[in-house]
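K.L.:
Got a predicted model here, sequence first, then my questions.
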Amino acid sequence: SQKIEQNSEALNIQEGKTATLTCNYTNYSPAYLQWYRQDPGRGPVFLLLIRENEKEKRKERLKVTFDTTLKQSLFHITASQPADSATYLCALEDSNYQLIWGAGTKLIIKP
Amino acid sequence: GAGVSQSPRYKVAKRGQDVALRCDPISGHVSLFWYQQALGQGPEFLTYFQNEAQLDKSGLPSDRFFAERPEGSVSTLKIQRTQQEDSAVYLCASSHEGPSTTQYFGPGTRLLVL
């Protein structure tokens, strides 16, 4: 079955810089991949969805890329702000059409 | 309602007790999902409903776990004879269509089994 790998170590970024998070998967390329944000004590919140035929997707300061050759998605936050501090999860469709999730990467934006 | 709600938010149970966790999805959402999230991990799929039909329960870890959605709206996840390894956050999500559409999550129920 599909496995997802995200950096388990927290990512510390200075305010104003670009934060880049990585999501790697192991098996077949999914039809789409999603990114969510999760704050402590709360459920995940949907951010972006990118399909296999899309190389890049943008939403305000967020950008997601999807490289089916590398089996990797990158999630970028430009002009990062302390309010962007959270855990970011990637999720993709498994063979039974359900979402499977990475463990998430904790992002800390320092003022 | 405005979003997905879950109750209770916190539950402490003694090992062996039965617990029931409730989920109120967004009105009109056809699909409902239950996930289990351990500390520091991503959500793990438990089960999926489309309206009142439970279409996938492959993620339920044992026969002690049971979920229902009798009228296609509110759902209950029941755990019988709780064990310490059941301690986790249980998340409910709903979506307008199937699993491939955006899922909207509730705040979760944090279950602690002593």
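P.N.:
Here it is on my side, so go on.
K.L.:
and the gap between the residue of chain A most remote from its centre and chain B?
P.N.:
The outermost residue of chain A, judged against the average C-alpha position, is A:P111 (22.4 Å), by Cα atoms, centre = their mean. According to Cβ to the nearest Cβ, to the nearest Å, A:P111 stands 25 Å off from chain B. To be clear about C-beta, it is placed using only N, CA and C from the backbone, and glycine gets the same treatment.
K.L.:
residues touching that residue, list them.
P.N.:
A:P111 makes contacts with A:15, A:82, as judged by Cβ atoms under 8 Å, 6 or more residues apart in numbering or on different chains.
K.L.:
Skipping adjacent residues, who's closest to the residue most central in space within chain B in space?
P.N.:
The structure's chain B has its C-alpha centroid closest to B:W34; by Cα atoms, centre = their mean the separation is 3.3 Å. Distance criterion Cβ to Cβ, 6 or more residues apart in numbering or on different chains; nearest residue to B:W34, sequence neighbours excluded, is B:L46 at 4.2 Å.
K.L.:
try A:Y97
P.N.:
Spatial nearest neighbour of A:Y97, excluding adjacent residues (Cβ to Cβ, 6+ apart): B:P99 at 5.2 Å.
K.L.:
hang on, the one you found packs against A:I100?
P.N.:
No. The pair B:P99 / A:I100 is not scored as a contact, 10.6 Å apart, by Cβ atoms under 8 Å.
K.L.:
Give me the common contacts of the two.
P.N.:
Residues touching both B:P99 and A:I100 comprise A:E93, with contact defined as Cβ under 8 Å, 6+ apart.
K.L.:
The closest residue to A:E56 other than its chain neighbours: neighbouring residues, count only.
P.N.:
Nearest residue to A:E56 in three dimensions, chain neighbours excluded: A:T65, at 5.1 Å (Cβ to Cβ, 6+ apart). By other Cβ atoms under 10 Å in any protein chain shown, 17 other residues sit near A:T65.
K.L.:
and the gap between A:T65 and A:K57?
P.N.:
As judged by Cβ to Cβ, to the nearest Å, A:T65 and A:K57 stand 8 Å apart.
K.L.:
could you pull out the strands for chain A?
P.N.:
For chain A, strands defined by DSSP state E occupy the ranges A:4-6, A:11-14, A:19-25, A:32-38, A:45-51, A:56-59, A:62-67, A:72-77, A:86-93, A:99-101, A:105-110.
K.L.:
Pick out the shakiest of these, pLDDT-wise.
P.N.:
Comparing mean pLDDT across the strands of chain A, the weakest is strand A:99-101, with a mean of 91.
K.L.:
Quick one: low-confidence residue ranges for chain B.
P.N.:
Applying pLDDT under 70 to chain B flags the ranges B:1.
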